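Peer 1: this is a predicted model, with the sequence first.
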Amino acid sequence: MVHNLSLKPSLLAHYVAELRDVLIQGDRMRFRRNLERIGEIIGYEISKELEWEQVEITTPLETALCYQLVEQPVLATILRAGLPLHQGLLNYFDHADNGFIAAYRKHDSEGNFTISMEYVTSPEIAGRVLIVSDPMLATGASLALTLKKMIVLGKPKHIHVVCAIAATEGIDHLLKEVPNVTIWCGAIDNKLTDKGYIVPGLGDAGDLAFGEKLQA
């Protein structure tokens with residue numbers, strides 16, 4: 001299932017617009033904060049899909065029946081670009097366990113690329129809800145590889161993928177490669193360049209959030 005949260009005007013759509021705007025992108029703090037806000041909004045939407053239970057809470061005056069999550073999800077993200085989006089989710093699922101993945105594209109002189117994955121660190125995910133954030137779902141190759149690596153650690157109850165902007169090609173690839181996935185998008189674009197960048201997209205989310213990449 002795919003949720004495109006920009007189909008209707010909302011604050012989330014406004015934050016996506018600011019992420020795309022070259023006149024605003026130069027403010028790194030604002031760029032990171034907008035990714036964080038998108039993570040918060042999507043986290044709220046995902047919470048409606050999780051399992052809840054009624055509990056009796058003691059107030060200063062009486063008791064009240066309230067809803068609480070049965071279990072916190074596991075949050076995971078792909079370094080480094082995913083950190084602000086991950087933080088937004090963590091702001092709302094503030095007792096969640098966390099996992100981190102180091103994966104990146106290695107480009108050659110002809111414009112082709114392979115996915116290099118350095119490590120995966122994660123808590124126990126078997127039988128739990130897993131929420132993986134990555135701001136840009138372009139070809140879907142790195143995210144599909146990430147999820148396959150994580151599933152080796154244990155089979156989640158369900159996987160939610162959170163991204164600020166996704167390409168239709170990447171969505172199709174991910175759904176084909178990894179079953180039992182729900183994708184939540186701030187916006188969906190229909191075009192990729194030959195080098196696998198989303199158009200119109202927003203550019204390189206990692207560079208815009210944290211500065212240009214260091215040379216290896």
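Peer 2: Noted; the coordinates are in hand. Please read these numbers as outputs of a predicted model, since none were measured by experiment. Numbers count the residues shown, from 1 in each chain.

Peer 1: V55: what's it in contact with?
Peer 2: The neighbours of V55, taking CB atoms under 8 Å, 6 or more residues apart in numbering as the test, are 65-68. Every C-beta, even on glycine, is put in place using the N, C-alpha and C of the backbone.

Peer 1: that one pairs with what?
Peer 2: C66 (DSSP bridges).

Peer 1: let me know the pLDDT of it.
Peer 2: Listed pLDDT for V55 reads 96.

Peer 1: mind showing which ranges of this protein have poor pLDDT?
Peer 2: Along the chain, segments meeting pLDDT under 70 span 103-118, 213-216.

Peer 1: ok, residues contacting the longest helix seen in it?
Peer 2: Selection of the longest helix in the chain by residue count, based on DSSP state H, yields helix 28-47. Applying CB under 8 Å, 6+ apart, the contact partners of helix 28-47 are 3, 5, 10-12, 15-16, 18-19, 24-25, 69, 73, 84-93, 131, 133, 135, 160, 162, 164, 184, 186, 205, 208-211.

Peer 1: re earlier: may I ask which of the contacts of V55 has the most neighbours?
Peer 2: C66 (12 neighbours; other CB atoms under 10 Å).

Peer 1: and that residue, what does it touch?
Peer 2: So C66 contacts 54-57 (CB under 8 Å, 6+ apart).

Peer 1: quick one: the helices in the protein?
Peer 2: Using DSSP H, the helices of the chain run over 11-20, 28-47, 83-92, 141-152, 168-177, 205-210.

Peer 1: and among those helices, the most buried is which?
Peer 2: helix 83-92 (a mean of 22; mean count of other CB atoms under 10 Å).

Peer 1: center of the chain, which residue is that?
Peer 2: S133 (1.9 Å; CA atoms, centre = their mean).

Peer 1: show me what that residue is bridged to.
Peer 2: T77, V162.

Peer 1: does it really touch P84, like I thought?
Peer 2: No - when contacts are counted by CB atoms under 8 Å, S133 is not listed as touching P84 (9.1 Å).

Peer 1: surely L85 and A164 touch.
Peer 2: Yes - between L85 and A164 there is a contact under CB under 8 Å: 6.6 Å.

Peer 1: I'd like the helices of the chain as CSV, with distance to K191 appended.
Peer 2: Formatted as CSV, these follow (distance: least, CB to CB, whole Å):
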stretch, distance to K191
helix 11-20, 14
helix 28-47, 21
helix 83-92, 22
helix 141-152, 17
helix 168-177, 9
helix 205-210, 17
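
Peer 1: out of those helices, which gets nearest to Y119?
Peer 2: In terms of CB to CB, the element of the helices of the chain nearest to Y119 is helix 141-152, at 9.5 Å.

Peer 1: show me the contact partners of that closest one.
Peer 2: 76, 78, 99, 101, 103-105, 115, 117, 120, 122, 125, 130, 132, 134, 137, 156, 159, 161, 170, 173-174, 177-178, 181, 196.
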